[in-house]
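Chemist: make a model of this:
(chains A, B, C and D)
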There are 2 protein chains.
Amino acid sequence: MTRIDLQLAKSDCNQCPIRHRAVCASCDGPELDRLASMKSYRSWKAGETIVLEGDALPFVASIVIGCATLTRSMEDGRMQMVGLLLPSDFVGRPGRAAAPYEVVAATDVTMCMFDRPAFETMMAETPHVAGRLLEMSLDELDAARDWMLVLGRKTAREKVATLLAIVLRRASTAARPLRADLPLTREAMATYLGLTIETVSRQISALKKDGVIRLDGKRGVLCDDLSVLMTEAGDDEDGGLVD
Amino acid sequence: MTRIDLQLAKSDCNQCPIRHRAVCASCDGPELDRLASMKSYRSWKAGETIVLEGDALPFVASIVIGCATLTRSMEDGRMQMVGLLLPSDFVGRPGRAAAPYEVVAATDVTMCMFDRPAFETMMAETPHVAGRLLEMSLDELDAARDWMLVLGRKTAREKVATLLAIVLRRASTAARPLRADLPLTREAMATYLGLTIETVSRQISALKKDGVIRLDGKRGVLCDDLSVLMTEAGDDEDGGLVD
DNA sequence: CGGTATATTGACCCAATTCAACCTGTGTGG
DNA sequence: CCACACAGGTTGAATTGGGTCAATATACCG
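Modeler: Have a look, this model is predicted:
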């Protein structure tokens, strides 16, 4: 919210909000010190491009604050978002220099960056880092494959409901109704869902008209009963969230 | 083709066709011996289910021969293939017991299996294995994301052309015309592409009528000019394949 | 205030699905 | 050897979900 994030530039890792979820989660003592000595922070404003598709990527990084998107595009301009990066997510691929996707800041973003060759050396020497990265990569692979089901088989209404359910679930406090601010514009949502802006807008309006969600300004979404929204999303397994 | 694959059961790893591409690629000497002592082979016939969605998966394995599919499905029966496993590909997720996808043999399949706990112990002790698995997982992540673009943004004709181009390119010998046998039924293709059987069939017929491909029986596909097919697929970058 | 970026809504259209019929090859058993 | 069933594949006609094009909010900012 406020711009105290820049204070992070000199802060030690123990106060870092992603300390226990990022690549560094499994590091301690000297390993953590070594990572800390390599790190530097950098911030981008919402909308700025962080890496161009196909460009060399001389660093790897963890998202500390904010939300970034990974998109892949075709020559004629069609675009598909292939990943949504949130705090603690990892950017970059050790062992490969070029980025196959465009990375754009969806909100203001702060990342914790490491020089790529130095990070690769460290990976080779400390199995903890490689192990954690493998675990995170496998989670991302699962997420990508789940999203393939959304893209390939769900209707527009189900797609929009799926996205809203994800955002609302992540923002979940105990309080009802659930409330969240969408970190994405309609255009970004469309790019994520394999739809057009107009269809996303229409489906959001339809879900509102049907009483599944309510809107609070342009970005805020409220939902009284997440299980109804999840049914609309086609995911009927209530993961023990109700009651 | 013939069932000599069963002879592999006692064979040593150096004669294994995937020796240099699978998880074991980076292993040598004692490491390889250790893996070899843990391994066992098992085969499935085309169409057989290898693992049910959500089932416990007590092993990890490499595909040695054949082709298997990973699919995820919804309660109402809609299905989406989320991965196509070919020789040297890895099945299973160290660190997680349940399989989030159904694994089915598309053709006759032989796998080289390892007990999961034993494999996990080995991963913790030999960084080579973990490193290779990370590399392979990142490749799969790239592939999954590429496929998200196909599912989210391509037309039916482009989707079919994309799949044919992949199959033809993989089967590529120097000989023209390129020829390949589809390892997938129309149904499996539809499940992969997020289409219906009928649409797949129509698009194949259309590509044939337009002279982009020719058919040889039900499964054989011929293509005189891969770059034409790739243009139809919407991938215009000719990766230095022509001349 | 205009001016620009984002969002909503309507009318029309088309690509892909749905539903249905029919083809083709491959067994299987009388 | 033929008849038959059955699975996989093709083709046609009708329907529809989402895209396209266009007009109209709504908000934000200098």
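
Chemist: how deep is A:Thr121 tucked in, by neighbour count?
Modeler: The local packing of A:Thr121 (other Cβ atoms under 10 Å in any protein chain shown) involves 12 other residues. Using the backbone N, CA and C atoms, a C-beta is placed for each residue, glycine as well.

Chemist: give me the phi and psi for the residue nearest to A:Gly234 when sequence neighbours are not counted.
Modeler: Sequence neighbours aside, A:Glu158 is the residue nearest to A:Gly234 in space, at 4.5 Å (criterion: Cβ to Cβ, 6 or more residues apart in numbering or on different chains). Summarising the backbone geometry of A:Glu158 under the convention degrees, to the nearest 10, its torsions are phi -60, psi -40.

Chemist: my guess is A:Glu158 meets A:Glu232, correct?
Modeler: Yes: under the criterion of Cβ atoms under 8 Å, A:Glu158 is in contact with A:Glu232, at a separation of 6.7 Å.

Chemist: return the residue of chain A that is most distant from the centre.
Modeler: With distances taken from the mean C-alpha point of chain A and given as Cα atoms, centre = their mean, the most distant residue is A:Pro30, at 29.5 Å.

Chemist: gap between that residue and A:Glu53?
Modeler: The gap separating A:Pro30 from A:Glu53 is 38 Å, by Cβ to Cβ, to the nearest Å.

Chemist: looking at this, the residue farthest from the centre of chain A is in a helix?
Modeler: Yes: according to DSSP: H, G, I helix; E, B strand; the rest coil, A:Pro30 belongs to a helix.

Chemist: relative to DNA strand D, how far out is it?
Modeler: Distance of A:Pro30 to DNA strand D, computed by Cβ to the nearest atom of the strand, to the nearest Å: 45 Å.

Chemist: what's the answer for A:Ser88, then?
Modeler: As defined by Cβ to the nearest atom of the strand, A:Ser88 lies at a distance of 28 Å from DNA strand D.

Chemist: what about that residue, how many residues close to it?
Modeler: Using other Cβ under 10 Å, the number of residues around A:Ser88 comes to 20.

Chemist: give the contact list for A:Glu198.
Modeler: Contacts for A:Glu198 (Cβ atoms under 8 Å, 6 or more residues apart in numbering or on different chains) come out as none.

Chemist: where are the low-confidence patches of chain A?
Modeler: A:1-10, A:172, A:174, A:237-243 (pLDDT under 70).

Chemist: strands of that one, residue ranges please.
Modeler: Taking DSSP state E as the criterion, chain A carries its strands at A:40-44, A:49-51, A:59-65, A:68-73, A:79-85, A:90-91, A:102-105, A:109-115, A:178-181, A:214-216, A:220-223.

Chemist: in CSV, list the ones you listed along with distance to DNA strand C.
Modeler: Conversion of the strands of chain A to CSV gives the following (distance: least, Cβ to the nearest atom of the strand, whole Å):
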stretch, distance to DNA strand C
strand A:40-44, 15
strand A:49-51, 13
strand A:59-65, 21
strand A:68-73, 13
strand A:79-85, 14
strand A:90-91, 22
strand A:102-105, 12
strand A:109-115, 16
strand A:178-181, 11
strand A:214-216, 6
strand A:220-223, 10
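
Chemist: so which bits of the longest helix seen in chain A are buried?
Modeler: Of all the segments of type helix in chain A, defined by DSSP state H, the longest one is helix A:127-153. Judged by neighbour count using 16 or more other Cβ atoms under 10 Å in any protein chain shown, the buried positions of helix A:127-153 are A:127-138, A:140-142, A:144-153.

Chemist: thinking again about what came up before, make CSV out of the strands of chain A and add mean neighbour count.
Modeler: Written out in CSV, the entries for the strands of chain A read as follows (neighbours: other Cβ atoms under 10 Å in any protein chain shown):
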stretch, mean neighbour count
strand A:40-44, 16
strand A:49-51, 18
strand A:59-65, 22
strand A:68-73, 21
strand A:79-85, 24
strand A:90-91, 20
strand A:102-105, 22
strand A:109-115, 23
strand A:178-181, 18
strand A:214-216, 14
strand A:220-223, 18
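
Chemist: among the ones you listed, which is nearest chain B?
Modeler: Of all these, strand A:79-85 sits nearest to chain B, with 3.9 Å by Cβ to the nearest Cβ.
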